[in-house]
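# Quick one, structure for this:
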Amino acid sequence: MQYNDTIDDSRQYLRLTLELIGKHGLPTDPLNYCIWYEYASGKNEALNAAIDKHLESSGTFSEEISRQLFNLHIANGRETVTTLVREELKRVFTEIISAIKTTNQNFSASENHLETIHESLVPSLSEADVDKIVNQIKREIKNLESSSTSFKEQLQQATHEIDELKIKMARYRNEALKDPLTRIDNRRGFEKKLTDAIDSASMSNTSLCLVIADIDHFKKVNDTHGHLVGDNVLRMVAATIKDSIKGKDLVARIGGEEFAVLLPETPFEGAMTLADNMRRNFERLDLKKKNSGENLGTITLSFGVATYRKDEAAEDFVRRADEALYRSKNAGRNKVTGL
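You can find the predicted model right below:
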């Protein structure tokens, strides 16, 4: 999110942003400010189209929708919500330093320390940096003592706001790893947990298996019954796979109709058995539309299974499971293939 607006443009966008946030009854937190500033500026066509479509269909707006839109249309691999948190921290700093300057007490040392920390809030700040700086701020605030009741209240409010920012940051970071439709991990969440699972399997010398599943002829479901029915099928598949696993196992949606299942401490034979059990469960399902009772026919899935090889790159591990999946597809679908 890089802006080169004039001062007049920024003022106009700010006014429109606050009006829109107020109109929809949303809190003026960094995430909502970011979304509606982008909307007011009209520079993010995909975001504006998604907001207009949502408002046209429901007429209301929620914080949950805000988080989904942020993850889909603003956040990316390099620029995360830490950008917003950094800007909010700057605002809190300004309030703290202003309070120090206006008090009759002499807090020049603390003022200098906070000014130094304030200058460290650079654009390249990482999540770990934010966490470290927040702890520095809180330690500095604890060192400040004053007989001024109003000053103490300002510091307490600042401490509270910093704690709230840490909570929001953790929540937004978690949301960025979730698929908004199925509420299971998305591709980013899967890749992070895949790396952790490989490290753990390598250190403990235990087995690790990966199952990749793809809904057969899913385009036909969307074309015949519509995308709303297709979305419900995706939710059902995610829930069914999630109910089939346990313990440290993980399911993620890694593509349109493609799912991945990580199985730590599971031998290859066990992963093959689990995949075939899931395949049979889907094959037996009799799906119908909720409203009309219209039969949707049989929904089947194809599966590919791979077991991790010592010192193998994560990309190669996933590639082998993908290759096994495509062998199942080429063999007629609704099958399980292992490599």
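
# Pull out the buried positions in the host helix or strand of residue 191.
With secondary structure defined by DSSP states H and E, residue 191 is part of helix 187-204. The neighbour-count criterion (16 or more other CB atoms under 10 Å) identifies 188, 189, 190, 191, 193, 194, 197, 198, 201 as the buried residues of helix 187-204. (Each C-beta comes from the backbone N, C-alpha and C, glycine too.)

# got the phi/psi numbers for the residue nearest to residue 60 when sequence neighbours are not counted?
In this structure, residue 60 finds its nearest non-sequential neighbour in residue 24, 7.4 Å apart by CB to CB, 6 or more residues apart in numbering. Main-chain torsions, residue 24, degrees, to the nearest 10: phi -100, psi 10.

# Hmm, residue 24 is touching residue 59, no?
No - with contacts counted by CB atoms under 8 Å, residue 24 stays clear of residue 59, the gap being 9.9 Å.

# The two: which is more packed in?
Comparing residue 24 with residue 59 by neighbour count (other CB atoms under 10 Å), the higher total belongs to residue 24, at 17 against 8.

# Got the confidence number for the more buried one?
The score at residue 24 is 79. That number is its pLDDT.

# swap in residue 251?
For residue 251, the pLDDT comes out at 97.

# And for residue 227?
The per-residue pLDDT of residue 227 was computed as 88.

# Now do the same contact list for it.
Remark: with contacts taken as CB atoms under 8 Å, 6 or more residues apart in numbering, residue 227 is in contact with nothing.

# Flag the shaky bits of the stretch 201-339 of the chain, pLDDT-wise.
Within the stretch 201-339 of the chain, the stretches falling below the threshold (pLDDT under 70) are 290-293.

# same check, this time on the stretch 1-150 of the chain
1-11, 28, 75-128, 130-131, 133-134, 137-150.

# same thing but at 80, please
Scanning the stretch 1-150 of the chain with the threshold set as pLDDT under 80 gives 1-15, 17-19, 22-34, 58-60, 62-64, 71, 74-150.

# Let me see the backbone angles for residue 39.
The phi and psi values for residue 39, taken as degrees, to the nearest 10, are phi -60, psi -50.

# just use 488 as the starting number from now, easier for me
Taking 488 as the first residue, the last one we looked at is residue 526.

# Roughly how far does it sit from residue 560?
Using CB to CB, to the nearest Å, we find residue 526 at a distance of 10 Å from residue 560.

# Now for those two: what residues contact both?
Here residue 526 and residue 560 share the contacting residues residue 534, scored by CB under 8 Å, 6+ apart.

# how about the buried residues of helix 674-691 in CSV, adding distance to residue 783?
Below are the buried residues of helix 674-691 laid out as CSV (distance: CB to CB, whole Å):
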residue, distance to residue 783
675, 31
676, 29
677, 27
678, 32
680, 32
681, 32
684, 34
685, 38
688, 39
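
# residue ranges of the helices in this protein, please?
494-510, 517-528, 532-545, 550-560, 569-589, 595-606, 614-630, 636-662, 674-691, 705-712, 714-731, 755-771, 801-817 (DSSP state H).

# buried residues in the last one?
Buried residues in helix 801-817, defined by neighbour count with 16+ other CB under 10 Å: 804, 805, 807, 808, 809, 811, 812, 814, 815.

# right, and the first one touches residue 697 too?
Looking back up the chat, that one is residue 804. Yes - because the distance of 6.2 Å satisfies CB under 8 Å, residue 804 is recorded as touching residue 697.

# picking that back up, just name whatever secondary elements the helix holding residue 678 is in contact with.
In terms of contacts (3 or more CB pairs under 8 Å, 6 or more residues apart in numbering; DSSP states H and E), helix 674-691 is packed against strand 695-702, strand 737-740, strand 745-751, helix 801-817.

# at 6 Å what do you get?
Helix 674-691 makes packing contacts with strand 737-740, strand 745-751 when contacts are defined by 3 or more CB pairs under 6 Å, 6 or more residues apart in numbering; DSSP states H and E.

# Would you convert those into JSON lines that also reports mean neighbour count and distance to residue 517?
Putting these into JSON lines (neighbours: other CB atoms under 10 Å; distance: least, CB to CB, whole Å) gives the following:
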{"stretch": "strand 737-740", "mean neighbour count": "24", "distance to residue 517": "27"}
{"stretch": "strand 745-751", "mean neighbour count": "23", "distance to residue 517": "32"}
